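J.: only geometry, no sequence info:
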């Protein structure tokens, strides 16, 4: 197909496809690996396959009982190992006593297991045994689902249906409620005779839950549709329309391209996702299992094997993307004016997305949610969620809605698009709307006009080079990060936070008094618990009476640990006060550690990576655009076309850096402030444990301002580097790709684990504080990577300036 | 106001784009004539400091233009041959941007832009994106850009290409009008433009200045070197091999062939009175290869 060849021999499209594919794999691996090592995942997969093979002919009930014993044993071993590893020499005396009591209790409750533990305490000590324990626990949990949870779910659905059919409001003939209840019961009944089996679930769960691919393929389809506009852009529409095959035949060919690209990319991308899942977690022999064997799919009542599901999933995805392509092409074809065409496509996608996201499933307009492009893409939802829609009082499942309406809408859209493309002439009298729009533009153009070079350079960067859209995406991401922000505290951390709230600030006698009082209260409670435990062990108390005490015992253990921690902190702060004369305060460090500490290094690296990526995308085309437009010689022959223009480009690079960094850091700071708090900004920075050896005396607030100013400065250096790289390219897209390769890819590589390039990737100096905080560096070596980035930034600025001023002299 | 070029040379590899070019320009319109690759654009790029010169100097009122830098560029109005414009800007926005680069005030910019848009016939299209403009329209935008800010030195590369005859005459007359106190350098293939408005013509070939004279002097210098005769198509073909052919025109006596050169065939009658710059071009720049 000539049209397919035209599009896919375009270097930009090929580059874009490769980029999307790389992004897909990058995010998939990042999402799956998280903090797990590849070795651990591989070993778990191996062990699972080994045990799966071993258990394949076993009776599930018998196996379940056997594994229950092993799982309990592993649990007891873990607890006793934790107790034995507690160092009573350094810990709180109450806790030593507490753990002794716990051991005694276990010895009473599980005498055989405890005895076995003391015979071989290292049974689960090595990695191999830990992995075996985890895999057995996983299989045990699967058996529990297969033998108990799923049959119970089916039984509950049936019982509920029987029960509801006796209630008058649900048993009205021909009503949706009655139909829905009967349909649900009937559909789930089909699963009662289907055997569920154990197997490796993760690859298939990941396959259906990983959403990034959907957005990437959406981008690919939009890109293909925009390619169809190229003849309009190049003024070739009238020539093509005048040829024999330039009307219906071309439209027909293009529909073929859309469908082919949709299916091929669905097979390529989702197939790749599944392949990675199978490599990571195994499951190649599980394609014959019933899909419902995986708990994620328990709401799917239709009997299907995993293999059948995978095929249906990819086919439905292909069909959904084909429809998105065709519908977008229809929107684009409907307008003569290219801007209107693009706007129409954008509006279509935005309206569809909003309908899918914001219409409630209970709304009477819920058909708009499910007969929707984005609902069609969300194939996983049709297999993990069960819902019947009310279609003229008839219940119809969301999967059936998608399966029937999707091809019908696709055919209708295709027919309309063929007609439009065959009938719509390239040269037409402008419509009334277009005329009015043109008139409005003419009026506005006459009234506008300024001579601020600063504004013009900003206009080029934000409007012409579409920086504003990138900024809007970034703001959306920042907003999303704000609304989805969650912090989980351990029990001990929650109590510490309470202590900091109650006794934080300058350390005075009142502070000491507070903790002494707290200590007394804990002692009293602990004595009571120990007494109760002693009575339980002496059979003076039943387990039922004793059970609430075990809960109290657990709570008091957290309190004791938190109190010990606070005492250590106060001792440390007093030492700083005495030895260095700094009037340090008792400050909750959690918020500051979250923002700048090593503990939150991954989150900080992610922030820096995001910032670098967006800065580069926005700045990377800055100089390349000038070359692409070939206005270089003209601009440079004018009085202010040299130093002032390049100076302003650098100034705008700084503004872009601020525009990108501020929302990300503002969100991060506000998230921490609202959840953990950032108290006592006026306290000396040495009050925070991780910064106690910081050599300069300044307040926490001043320190934080310094840190963020330095981060922004280093990111600006990256923006200048992107500007320099841009000056070596001749087109905006080339500039962006080259700049991303230089600034973002090293950072991304470091983010995924290539630590060797950490010092030039900016993540280390700008992202985290480990260089600052590592006491081994003797307080000076941390400067080196930072100075390196600064030197790169300054050199990039000087070289960009030189290249701009002398570029045309070299004959560019 | 004097613009001097002394021993100006620019070499690309082993090829001289301009060699020992020396001339002095004062107020008035200078037409630059030369075949493609003669060095016209290189000369203009050297004057605008878009290309680094290898040898020689360019002095404005005795000062080297490289030392003057931005001060010299303030005096320049440049219209390049390459139609590089910001496609996403409207014509008016582009002119405002150029005004900003030239350091014009908003009030002055608005006044001049509206006048120039009217002059180049783009006032009704000025709100539209440059990306949708035809080649001729883009040419007119570039001309307006060069004229913006009342520059003392105007460097125009093919300023009337793509214009219809009426517009061409209007623009030509305008350049002629404003050239009183300016140095205008006009490189074009439309020799009638030069004939009409150029006070002096610089003939350039292979990077060297062949001749510098007024159009009248140039025309006078080739009197007797242009001749015409009625010919058949076959004869025209045979003359083409040995002579440089000017126009072939259809008249009532048949096809009239015009030849330019030193030794013309005897059958040809020398032309008197209607020799033009096209003949000059053929004689100096094509005829003496």
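T.: Right, received. Where do you want to start? Just so we're clear, the structure is a prediction, and the values are computed from it rather than from any experiment. Residues are numbered from 1 along each chain as shown, chains lettered A, B, ... in the order given.

J.: Could I get the pLDDT score of residue A:594?
T.: Per-residue confidence (pLDDT) for residue A:594: 85.

J.: so how far is residue A:750 from the nearest residue to residue A:722 once chain neighbours are set aside?
T.: In space, and not counting its chain neighbours, residue A:722 is closest to residue A:739: 3.9 Å by CB to CB, 6 or more residues apart in numbering or on different chains. For glycine as for every other residue, the C-beta is placed from the backbone atoms N, C-alpha and C. From residue A:739 across to residue A:750, the span is 17 Å (CB to CB, to the nearest Å).

J.: Comparing these two, which shows the higher neighbour count?
T.: Shown here are residue A:739 and residue A:750; by other CB atoms under 10 Å in any protein chain shown, residue A:739 has more neighbours (29 against 23).

J.: tell me the secondary structure for that one?
T.: helix (DSSP: H, G, I helix; E, B strand; the rest coil).

J.: who are the neighbours in contact with it?
T.: A:616, A:619-620, A:721-722, A:725-726 (CB atoms under 8 Å, 6 or more residues apart in numbering or on different chains).

J.: can you check residue A:725 too?
T.: Counting by CB under 8 Å, 6+ apart, residue A:725 touches A:620, A:735, A:738-739, A:742-743.

J.: Relative to chain B, which of these is nearest.
T.: Lowest distance from chain B to those (CB to the nearest CB) belongs to residue A:735, with 15.7 Å.

J.: Name the nearest residue to that closest one, sequence neighbours excluded.
T.: That would be residue A:624: by CB to CB, 6+ apart, it lies 2.9 Å from residue A:735.

J.: ok, the one you found touching residue A:722?
T.: No. Between residue A:624 and residue A:722 there is no contact under CB atoms under 8 Å: 10.3 Å.

J.: Just the buried residues of the contacts of residue A:739.
T.: Burial by neighbour count, judged by 16 or more other CB atoms under 10 Å in any protein chain shown, picks out A:616, A:619-620, A:721-722, A:725-726 from the contacts of residue A:739.

J.: State the distance from residue A:429 to residue A:443.
T.: Applying CB to CB to residue A:429 and residue A:443 gives a distance of 21 Å.

J.: Show me what counts as buried in stretch A:655-668.
T.: Along stretch A:655-668, these residues count as buried under the neighbour rule (16+ other CB under 10 Å): A:655-657, A:659-661, A:663-665, A:667-668.

J.: want to throw the residues you listed into CSV with secondary structure, pLDDT and distance to chain B?
T.: Formatted as CSV, these follow (DSSP: H, G, I helix; E, B strand; the rest coil; pLDDT from 0 to 100; distance: CB to the nearest CB, whole Å):
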residue, secondary structure, pLDDT, distance to chain B
A:655, helix, 97, 18
A:656, helix, 97, 18
A:657, helix, 97, 24
A:659, helix, 96, 21
A:660, helix, 96, 22
A:661, helix, 95, 27
A:663, helix, 95, 26
A:664, helix, 93, 28
A:665, helix, 93, 32
A:667, helix, 92, 32
A:668, helix, 90, 35
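
J.: List the contacts of the residue nearest the centre of chain B.
T.: For chain B, residue B:187 is the residue whose C-alpha lies nearest the centre (CA atoms, centre = their mean; 1.6 Å). Contacts for residue B:187 (CB under 8 Å, 6+ apart) come out as B:31-34, B:40-41, B:43-44, B:81, B:156-158.

J.: Return the subset of those lying in helices.
T.: B:40-41, B:43-44 (DSSP state H).

J.: and residue B:178, what does it touch?
T.: Counted by CB under 8 Å, 6+ apart, residue B:178 has contacts B:147, B:150.

J.: tell me the secondary structure for the residue of the stretch 51-200 of chain B found nearest chain A?
T.: Closest contact between the stretch 51-200 of chain B and chain A, by CB to the nearest CB, is at residue B:84 (3.0 Å). Assigned by three-state DSSP, the conformation of residue B:84 is coil.

J.: tally of neighbours for the residue lying closest to it once chain neighbours are set aside?
T.: Excluding its sequence neighbours, the residue lying closest to residue B:84 (CB to CB, 6+ apart) is residue A:630, at 3.0 Å. Using other CB under 10 Å, residue A:630 has 16 other residues around it.

J.: any low-confidence regions in chain B?
T.: B:287-289 (pLDDT under 70).

J.: now do 80
T.: B:82-83, B:161-163, B:189, B:241-242, B:244, B:286-289 (pLDDT under 80).

J.: Show me where it has its strands.
T.: Assigned strands in chain B, in chain order: B:3-12, B:15-25, B:28-33, B:55-60, B:63-64, B:76-79, B:153-157, B:183-187, B:200-205, B:208-213, B:226-231, B:244-251, B:254-260, B:269-270 (criterion: DSSP state E).

J.: Export those strands as a markdown table, with columns for distance to residue A:695.
T.: Listed next are those as a markdown table, based on distance: least, CB to CB, whole Å:
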| stretch | distance to residue A:695 |
| --- | --- |
| strand B:3-12 | 59 |
| strand B:15-25 | 62 |
| strand B:28-33 | 69 |
| strand B:55-60 | 58 |
| strand B:63-64 | 54 |
| strand B:76-79 | 56 |
| strand B:153-157 | 61 |
| strand B:183-187 | 66 |
| strand B:200-205 | 70 |
| strand B:208-213 | 71 |
| strand B:226-231 | 91 |
| strand B:244-251 | 86 |
| strand B:254-260 | 88 |
| strand B:269-270 | 98 |
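
J.: Which one of the ones you listed lies nearest to residue A:365?
T.: Distance to residue A:365, taken as CB to CB, is lowest for strand B:76-79 among the strands of chain B, at 59.8 Å.

J.: Check which strands are paired with that closest one and give the direction for each one.
T.: Here strand B:76-79 has these sheet partners by DSSP bridges: strand B:153-157 (parallel).

J.: what's the nearest residue to residue B:151 if we skip its chain neighbours?
T.: In space, not counting the residues next to it along the chain, residue B:151 is nearest to residue B:77; the distance is 3.2 Å by CB to CB, 6+ apart.

J.: related to what we said a few turns ago, compare residue A:429 and residue A:443 (neighbour count), which wins?
T.: Using other CB under 10 Å as the criterion, residue A:429 and residue A:443 rank with residue A:443 on top: 11 against 8.
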